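>>> Fold the stuff below for me.
(one chain, ligands or ions: 1)
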Amino acid sequence: MRITKEYLLPMLTVTLLIISINLFAQKPDKEQQNPATPEKSDTIPKKVFPEGTGTLPSDAIVLFNGDNLNAWEDIKGGKARWPVVGEIATDAADSGSVRTKRAFGDCQLHVEWRTASDIIGEGQRRGNSGIILQGRYEIQVLESFEGKTYSNGQAGAVYKEHPPMVNASKKPGEWQTYDIIFTGPRFNEQGKVVIPARVTVLHNGVLIQNNAEIRGYSNLNLKAPLMIQNHSNEHKNPVQYRNIWIREL
Ligand code: MG
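Numbers count the residues shown, from 1 in each chain. Below you'll find the predicted structure:
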């Protein structure tokens, strides 16, 4: 049959329609939906007991439970110098940053912190601390309920990279939580980052970083100590910590 001009347009339309339907149709995953797909139990998830709100999962490593800072040391070496009083550790002026004695890679981390209720100062001076994953990637700790600063430097920011998606900060003096899920970077044989680090952060239970990609640092260590920043050179507002635990993934 000869294709004349009058047939060409309808034929083209029909062909395009068929192509679009095929491209955009939500195809069911035949593999998953097929009742004949075998049920697998070759990997059995380990049982973990959450115990309830406010306590830690049974497989968590306690980094600070109010007793002492024995899991930590000063970043310049030697004993951690933060005072511990009434189950609270104070990141006080000139008490130095601290790091864990143990190195960590991929992890789930829980941290509780608060800034001073009578906080003074502006911007980055309002209770500046930070949870520094592998000593390199900082999740900012700062008074950001009232305080104003650049958005990729406020509480919950991946410092100088990603502002938090929302500001879930509580008032100065109130206890706040960070629940952080961190996947460290992967390197090639030359130490170059081939898969960047990623982080998910819940601030007071609110998602503020969703699997955010973090710029890489070349390094061959898959595990490195967790650090908490002391920023007292620039401010005198102490930040307090309690109940810190980590689960290795
Ligand atoms: Mg900081």
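>>> Please make it C-alpha for all contacts and neighbour counts, starting now.
OK.
>>> who touches stretch 42-59?
245, 247 (Cα atoms under 8 Å, 6 or more residues apart in numbering).
>>> List the contacts of Asp74.
80-81, 96-99.
>>> Can you tell me how far Asn210 is from Leu63?
25 Å (Cα to Cα, to the nearest Å).
>>> Of the two, which one has the most company?
Neighbours were counted for Asn210 and for Leu63 using other Cα atoms under 10 Å; Leu63 has more, 22 against 14.
>>> Hmm, that one is touching Ile246, no?
Yes: using Cα atoms under 8 Å, Leu63 is in contact with Ile246, at 7.1 Å.
>>> Pull out the buried residues from stretch 114-134.
114-116, 119, 123-134 (16 or more other Cα atoms under 10 Å).
>>> before we move on, back to that, which two from the contacts of Asp74 end up farthest apart in space?
Maximum pairwise distance among the contacts of Asp74 (Cα to Cα): 11.2 Å, between Arg81 and Arg99.
>>> Return every residue with contacts to both of these two.
Common neighbours of Arg81 and Arg99 (Cα under 8 Å, 6+ apart) are 73-74.
>>> Those two: which has the busier surroundings?
Arg99 (26 against 19).
>>> Quick check: next helix or strand after the helix or strand containing the more buried one?
For Arg99, the enclosing helix or strand under DSSP states H and E is strand 98-104. Where DSSP H and E defines the elements, the next helix or strand beyond strand 98-104 is strand 107-115.
>>> about what we covered before: now for the strand holding Arg99, which elements pack on it?
In terms of contacts (3 or more Cα pairs under 8 Å, 6 or more residues apart in numbering; DSSP states H and E), strand 98-104 is packed against strand 72-74, strand 224-228.
>>> That strand: which residues count as buried?
98-101, 104.
>>> Nearest to the ion among the residues you listed?
Comparing the buried residues of strand 98-104 against the ion with Cα to the ion places Val98 closest, at 13.0 Å.
>>> Please tell me I have it right and the closest one contacts Ala80.
Yes: look at Val98 against Ala80 with Cα under 8 Å: they come within range, at 6.1 Å.
>>> shared neighbours of the two, anything?
72-74.
>>> could those be laid out in JSON lines, adding distance to Lys46 and pLDDT?
What follows is these, written out as JSON lines (distance: Cα to Cα, whole Å; pLDDT from 0 to 100):
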{"residue": "Trp72", "distance to Lys46": "28", "pLDDT": "98"}
{"residue": "Glu73", "distance to Lys46": "32", "pLDDT": "98"}
{"residue": "Asp74", "distance to Lys46": "35", "pLDDT": "98"}
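>>> Out of those, the closest to the ion would be?
When the shared contacts of Val98 and Ala80 are compared against the ion (criterion: Cα to the ion), the nearest one is Asp74, at 16.7 Å.
>>> show me where the chain has helices.
Applying DSSP state H to the chain gives helices spanning 5-24, 30-33.
>>> Show me the two of the buried residues of stretch 114-134 that sit farthest apart.
Those two in those that are separated most widely, counting by Cα to Cα, are Ile119 and Gln134, at 29.0 Å.
>>> Can you pull the residues of the protein lying near the ion?
Selection of the chain residues close to the ion by Cα under 5 Å from the ion yields 128-130, 140.
>>> and with 8 Å instead?
124, 128-131, 138-142, 153, 159, 229-231 (Cα under 8 Å from the ion).
>>> Just the ones of the residues you listed in strands?
129-131, 138-141 (DSSP state E).
>>> Including distance to Val206 and pLDDT, could those residues go into CSV?
Below are these laid out as CSV (distance: Cα to Cα, whole Å; pLDDT from 0 to 100):
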residue, distance to Val206, pLDDT
Ser129, 20, 96
Gly130, 18, 98
Ile131, 17, 98
Glu138, 18, 97
Ile139, 15, 98
Gln140, 16, 98
Val141, 15, 97
